[in-house]
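Chemist: Build me a model:
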Amino acid sequence: MNETRLRSGMLVFPNLTQLDLTGPYEVLARLPGAQTRLLWKSLDPVRSEHGLTILPDTTFADCPPLDLVLVPGGAGINPLLEDREVLAFLRRAAAGARYVVGVCTGSLVLGAAGLLRGRRAGTHWMSRDLLRAFGAEPVAERVVADGNVFTGGGVTAGIDVALAVAAEIAGRPAAEAIQLAIEYDPAPPFAAGSPERADPARVAAVRERAAARQRDRAERVARAAKALD
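Modeler: Model prediction:
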């Protein structure tokens, strides 16, 4: 692999989906010369939506210039959509970054920061249509690249997004070597990983379990979009 320097900053926040963060982290931190920071308002431990505790190592106030800024998703993005401190930080970080990355519903936070206007973008299938409120064009793909902005589908798609970014940074051979090293060769036991292929009853059940969260999210997206006008 060719030596590269990549100063990445990945947002951590309460109730994030940890795989949205740790999947891309596992890929991007393997690039030669990579420096990867975990960013939050404070250095206090952050609890993910299912209890895994993650320790930030850099505050917004102390964050140096970044080459890449990444926002994961999860239930915890709902408050971030209206969090002025978070959105202002993302705008500052993105202004000097070479790559801006949203994983799963982290894309909506990028949208709330005004970073997706006129862009093609992806996110989790249950929230995809909400991207339109931020002036983005929703795309039903696992990896969506538009200029220096990389977004993608839900949760596991973060690994795909990160591999695409790694190829952009260090070349396809380097990205393929990382994919091989982590043995990323998906062969799921069920054809149920998308709403198009899953049993309609499963889709309905998943939607029902998420209904309250999605209503809250839609309301917050509407207010965040209005704030950008």
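Chemist: Sketch out the strands for this protein, chain order is fine.
Modeler: 6-11, 34-40, 46-47, 53-54, 58-59, 68-71, 99-102, 120-121, 137-138, 143-146, 149-152 (DSSP state E).
Chemist: And the contacts of the longest one?
Modeler: Okay, so that is strand 34-40. 4-13, 25, 28-29, 46, 54-60, 63, 66, 89 (C-beta atoms under 8 Å, 6 or more residues apart in numbering). For the C-beta atoms, the positions are set from N, CA and C on the backbone; glycine is no exception.
Chemist: In ChimeraX, how would I select the buried members of these?
Modeler: Burial among these is assessed by 16 or more other C-beta atoms under 10 Å; the matching ChimeraX selection reads:
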select :6,7,8,9,10,11,12,13,25,28,29,46,54,56,58,60,63,66,89
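Chemist: that older thread, could the strands of the chain be laid out in TSV, adding mean pLDDT?
Modeler: Shown next, in TSV, are the strands of the chain (pLDDT from 0 to 100):
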stretch	mean pLDDT
strand 6-11	96
strand 34-40	97
strand 46-47	98
strand 53-54	98
strand 58-59	98
strand 68-71	98
strand 99-102	98
strand 120-121	98
strand 137-138	98
strand 143-146	98
strand 149-152	97
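Chemist: Among those strands, which comes closest to Ala218?
Modeler: strand 137-138 (14.0 Å; C-beta to C-beta).
Chemist: Packing partners of that closest one?
Modeler: Packing contacts for strand 137-138, counted by 3 or more C-beta pairs under 8 Å, 6 or more residues apart in numbering; DSSP states H and E, involve strand 120-121.
Chemist: Remind me what the strand it packs on packs against, helices and strands.
Modeler: Using 3+ C-beta pairs under 8 Å, 6+ apart: strand 120-121 touches helix 106-112, strand 137-138, strand 143-146.
Chemist: Kindly recompute the last result at 10 Å.
Modeler: On a contact count with 3 or more C-beta pairs under 10 Å, 6 or more residues apart in numbering; DSSP states H and E, strand 120-121 meets helix 106-112, strand 137-138, strand 143-146, strand 149-152.
Chemist: buried residues in the longest one?
Modeler: Pointing back at helix 106-112 there. Going by 16+ other C-beta under 10 Å, helix 106-112 has these buried residues: 106-112.
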